[in-house]
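> The following block contains a protein sequence and its predicted model.
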Amino acid sequence: FLNANNGAIAYIYPISNIEIDGKLDDWPAEMEIYKMQTVHYGDGLDGPEDGLASWRGGYDAASGHLYIAVTMTDDDYVKTPDDSHFTTHDFQVLYLDPLHSPEGGGVIAYEVDEHHRKIVEQEGLSFYPQVKDASFEQVELAIERVGNIVTYEWKIEIASPLKAGRMIGFDYGVFDKDTDQDHVMITWGSPGGEKFMNSNLIGDIVLLESNQAISSVEGTLEWQGEAGNDWPWTVRFSDTNNPNTFTNASIDSLGRYSLKLPPGTYKVTIPPSWRSGSWFEMDRIESTGDIPNLTVADGQTIKMDAIG
């Protein structure tokens, strides 16, 4: 399985000439579609026609925009024009961390529906510059509903150059409110915690060149000690030419991990991990030595064991 900060990673390619109208007929037909099927909270979906959601993405380097399109099937679509409280209606949240720093950073959480827009906890998280400076002036959004299908089409201005190899923290949540049921939150990335509070709780988007191949990396963590709470939870692969370009691979109960990477040379480390209310830190367990750098080329499949 794949993982970034929180358990999800997507690869997107250049696109152009996209009109933000909620129709998606000008999007490339061959794009990969990423399903949202993780129940973050709530009792789950009512049936095959309720709450099914997916997204696709692309970027335009020339204009500096990220494009995200989300479609959702919803047989009971609840709107409350006069009540903005999140418990009363259907809405969606796009989580974004353009900085993507190894030290972590603020998450811009755009909460939207047809009648309400806000940046979640912007005042409370204003010590993060990118959250403080965020606004809907950087966003163009169209929402279109046809039958029981609702589409959210986003165009977001991203600071600094958009180019192949860049990684952007990203996640998405749909909040399904049926007339006779409390909210269900469905996300793309893994559940756990308030995503707007910590960039380690959201996934990643990797920008690739047109038709660029990516490589598969898999291996096993060899660790002194028993499996369980004393094990780290991720292995981090950081681009040696750009430390802000990194991806974490989740470790399963047997120490196995797998992920996909663009071509490059990566430093392999064991990062701090947050789970179940506590941190895993490297200094809690003595390491047996450094893990060698990894170099990958287009289309390779590499097996590499990490030893801690």
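Great, that's in hand. Residues are numbered from 1 along each chain as shown.
> Ala10 is in contact with Ile205, correct?
Yes - Ile205 is within contact range of Ala10, at 5.3 Å (criterion: Cβ atoms under 8 Å). (Glycine included, C-beta is placed from N, CA and C.)
> Give me the more crowded residue out of the two.
Ile205 (26 against 19; other Cβ atoms under 10 Å).
> Work out for me the element the more buried one sits within.
Ile205 is part of strand 203-207, with elements assigned from DSSP states H and E.
> shared neighbours, Ile205 and Ala10?
Counting by Cβ atoms under 8 Å, 6 or more residues apart in numbering, the shared contacts of Ile205 and Ala10 are 57, 170.
> Relative to Val139, how far out is Asp25?
Asp25 sits 21 Å away from Val139, taking Cβ to Cβ, to the nearest Å as the criterion.
> These two - which one has more neighbours?
Val139 (20 against 7).
> all strands of the stretch 101-250 of the chain, in order?
108-112, 117-119, 139-146, 149-157, 167-176, 184-187, 203-207, 215-222, 234-239, 242-250 (DSSP state E, counting those that start in this stretch).
> ok, and the closest non-adjacent residue to the most centrally placed residue in the chain?
Closest to where the C-alpha atoms of the chain average out (Cα atoms, centre = their mean) is Gly203, at 2.7 Å. With sequence-adjacent residues excluded and distances taken as Cβ to Cβ, 6 or more residues apart in numbering, Gly203 is closest to Ala8, at 3.3 Å.
> same thing with Ser16?
Asp60 (5.6 Å).
> what about Ile108, neighbour count?
If we define neighbours as other Cβ under 10 Å, then Ile108 has 27 of them.
> hey, where'd the helices end up in the stretch 51-200 of the chain?
129-132 (DSSP state H, counting those that start in this stretch).
> how far out from the middle of the chain is stretch 20-34?
19 Å (Cα atoms, centre = their mean, to the nearest Å).
> Can you dump the C-alpha atoms of it in PDB for me?
What follows is stretch 20-34 as a C-alpha-only set of coordinates in PDB (Å, rounded to 0.1, in the frame of the first residue of the first chain):
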ATOM      1  CA  ILE A  20     -14.100  25.900 -14.000                       C
ATOM      2  CA  ASP A  21     -17.700  25.200 -14.600                       C
ATOM      3  CA  GLY A  22     -18.400  21.900 -12.700                       C
ATOM      4  CA  LYS A  23     -18.900  19.900 -15.900                       C
ATOM      5  CA  LEU A  24     -15.400  18.200 -16.300                       C
ATOM      6  CA  ASP A  25     -16.000  17.500 -20.000                       C
ATOM      7  CA  ASP A  26     -12.700  19.300 -20.800                       C
ATOM      8  CA  TRP A  27     -10.600  17.100 -18.400                       C
ATOM      9  CA  PRO A  28      -8.400  14.300 -20.000                       C
ATOM     10  CA  ALA A  29     -10.400  11.100 -20.200                       C
ATOM     11  CA  GLU A  30      -7.400   8.900 -19.200                       C
ATOM     12  CA  MET A  31      -6.700  10.400 -15.800                       C
ATOM     13  CA  GLU A  32      -6.400   8.300 -12.700                       C
ATOM     14  CA  ILE A  33      -9.400   8.500 -10.400                       C
ATOM     15  CA  TYR A  34      -8.700   8.200  -6.600                       C
END
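> I'd like the average pLDDT over that stretch.
Stretch 20-34 carries an average pLDDT of 94.
> tell me which residues of that stretch are tucked away?
Neighbour counts over stretch 20-34 (16 or more other Cβ atoms under 10 Å) mark 20, 22, 24, 27, 34 as buried.
> Same check on stretch 195-206?
195-196, 198-206.
> For the protein, name the helix or strand with the lowest mean pLDDT.
strand 278-280 (a mean of 44; mean pLDDT, DSSP states H and E).
> so where's the stretch 151-300 of the chain shaky on pLDDT?
178-180, 182, 190-193, 223-231, 233, 272-292, 297-300 (pLDDT under 70).
> again, only using 80
Applying pLDDT under 80 to the stretch 151-300 of the chain picks out residues 176-184, 189-194, 197-200, 213, 221-234, 242-245, 248-253, 270-300.
> next one: the stretch 1-150 of the chain
1-8, 37-51, 74-78, 80, 83-89, 102-105.
> try it again with 70
If you take pLDDT under 70 as the line, the stretch 1-150 of the chain has these spans: 1-7, 40, 42-51.
> Give the pairing partners of the strand holding Ile205; include direction for each.
Using DSSP bridges, strand 203-207 pairs in its sheet with strand 9-14 (parallel), strand 167-176 (antiparallel).
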